[in-house]
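A structural model of the following input is requested.
(one chain, ligands or ions: 1)
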Amino acid sequence: MSHFYFALTNPEVEQLLKKELSVSHPNFKLSYSRPGFLTFKAESASAFSPWMARISGHCFGKKTIVELEALPKAWLWKRDDSFTPPESLSRLSDNSLFKIGEKVTLIMMVGENEYWLGEYILKKTHFQTPGEVSSIEKKEVPSRAYYKIAEAYEAFDLPMDFEEKVLELGSAPGGASLFLLDQELKVFGVDPADMDRSILAKRNFKHIKKPFENLNAENFQEDIDWIVSDVNLPPSVVIKEVERFLTFLEPRGLVLTLKINQDRYLRMLKPIVESFKKKGFTQVELKYLPSHRQEIALIALR
Ligand SMILES: C[S@@+](CC[C@H](N)C(=O)[O-])C[C@H]1O[C@@H](n2cnc3c(N)ncnc32)[C@H](O)[C@@H]1O
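Below is the predicted model:
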């Protein structure tokens, strides 16, 4: 018997997702796909939770509106915001609540008149939105990194407390700093590049305008509670530097954006997760966030 699976991801990482699956699920064959929506066929059932997907699960194929209207509850995701589903399906989605641990029935509106049905288990780190789209309100911010950290904060319910100190590696121009400062944290932003003026003006922000390689234990008079990083360097370089900081700092958590712009970087992810677990972080997770492109978030909490 054939089994079908779906994955929703951002178009920038579809090739990477396929590469990932060619290694992790070599028996999966790409079936029907449209930008952002991919289905796979396998001859045997297996757990399916690829890193480079916002969400993934079992796929039950194409359905008619009449079949979908008969569902007791379901969320509706649209592949394109401009699609206009029938009122009945929008209402069904608006009235459907799913609890953590429950199976979400997901209607995927793939075209103007094309609906697919899927199912996945709602995890604590999932957003309560159909298709795992961002629930962060759009506003004027110095960079996209604002949304990346905001989404990680929400998905992992990051326990960041008032005036805790964050060491931010690669902080310019300041999207992530803005979000962290808005949460009333103190931010030490390390970046040789210029910060946005609005960030420099904030009382709780200090710019260390140099490469992070130049910092060592003597530069830190205060304890650091969090290390946040979003640097355009290979994951191996970022991890090596974070590990160096961990020899003299003891943050309670790490929020690292790892750039996965080459498929060979995918192979590094599992060993990275394992190595942070060995360093005393009890929760270490990877999550492809809605605002990600060729990158993934690594969250490590003590
Ligand atoms: C994607 S941007 C960071 C975005 C930023 N987190 C924000 O919120 O706006 C990557 C940054 O990494 C910085 N970077 C690259 N190499 C670095 C290094 N060795 N030390 C510190 N920053 C570095 C770059 O200057 C660049 O500003």
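
contacts, neighbours, all on C-alpha from now
Noted.

quick check: Pro251 vs the ligand, distance?
18 Å (Cα to the nearest ligand atom, to the nearest Å).

what do you get for Ser24?
According to Cα to the nearest ligand atom, Ser24 and the ligand sit 28 Å apart.

pLDDT score for that residue?
Looking at Ser24, its pLDDT reads 93.

neighbours around it, how many?
By the measure other Cα atoms under 10 Å, the count of residues near Ser24 is 13.

over to Leu89?
Neighbour tally, Leu89, other Cα under 10 Å: 21.

which SS state does it fall under?
Using DSSP: H, G, I helix; E, B strand; the rest coil, the structure places Leu89 in helix.

thought Lys73 was touching it, still the case?
No. Counting by Cα atoms under 8 Å, Leu89 stays clear of Lys73, with 9.8 Å between them.

where does the nearest residue to Leu249 once chain neighbours are set aside sit: helix, strand or coil?
Closest residue to Leu249 apart from its sequence neighbours, by Cα to Cα, 6 or more residues apart in numbering: Ile224 at 6.5 Å. With three-state DSSP as the basis, Ile224 sits in coil.

okay, Ile224: pLDDT?
So, for Ile224, pLDDT stands at 97.

could you check how far it is from Gly253?
Between Ile224 and Gly253 the distance is 10 Å, computed by Cα to Cα, to the nearest Å.

looking at those two, which is more packed in?
In this view Ile224 and Gly253 are compared by other Cα under 10 Å, and Gly253 has more residues nearby, 22 against 19.

so who does the residue nearest to the more buried one when sequence neighbours are not counted touch?
In space, and not counting its chain neighbours, Gly253 is closest to Leu301: 4.4 Å by Cα to Cα, 6+ apart. Residues in contact with Leu301 (Cα atoms under 8 Å, 6 or more residues apart in numbering) are 252-254, 281-284.

I'd like these as CSV, with secondary structure, pLDDT and distance to Pro173 appended.
Compiled in CSV, the contacts of Leu301 are given as follows (DSSP: H, G, I helix; E, B strand; the rest coil; pLDDT from 0 to 100; distance: Cα to Cα, whole Å):
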residue, secondary structure, pLDDT, distance to Pro173
Arg252, coil, 97, 25
Gly253, strand, 98, 23
Leu254, strand, 98, 20
Phe281, coil, 97, 29
Thr282, coil, 96, 32
Gln283, strand, 96, 29
Val284, strand, 98, 27
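
buried ones among these?
252-254, 281, 284 (16 or more other Cα atoms under 10 Å).

just the strands from the stretch 151-300 of the chain, written as ranges.
Here the stretch 151-300 of the chain has its strands, by DSSP state E, counting those that start in this stretch, at 165-169, 186-190, 205-208, 226-230, 253-259, 283-287, 295-301.

mind putting these in CSV, distance to Thr39 included?
Conversion of these to CSV gives the following (distance: least, Cα to Cα, whole Å):
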stretch, distance to Thr39
strand 165-169, 37
strand 186-190, 41
strand 205-208, 45
strand 226-230, 31
strand 253-259, 25
strand 283-287, 20
strand 295-301, 21
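
tell me the predicted confidence for the residue found closest to Ser88 once you drop the neighbours it is linked to in the chain.
Closest residue to Ser88 apart from its sequence neighbours, by Cα to Cα, 6+ apart: Glu69 at 6.8 Å. Per-residue pLDDT puts Glu69 at 97.

let me know the closest of the buried ones among the contacts of Leu301 to the ligand.
Leu254 (13.8 Å; Cα to the nearest ligand atom).

out of the strands of the stretch 151-300 of the chain, flag the one nearest Trp116.
strand 283-287 (24.3 Å; Cα to Cα).

and for the closest one, what are the contacting residues?
Contacts to strand 283-287, defined as Cα under 8 Å, 6+ apart, come from residues 51, 54, 273, 276-277, 296-302.

put the alpha carbons of it into CSV.
Output of strand 283-287 as CSV, limited to C-alpha atoms (Å, rounded to 0.1, in the frame of the first residue of the first chain):
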residue,chain,number,x,y,z
GLN,A,283,16.1,21.3,25.2
VAL,A,284,17.8,21.6,21.9
GLU,A,285,15.6,22.0,18.8
LEU,A,286,15.7,23.0,15.2
LYS,A,287,12.8,24.9,13.7
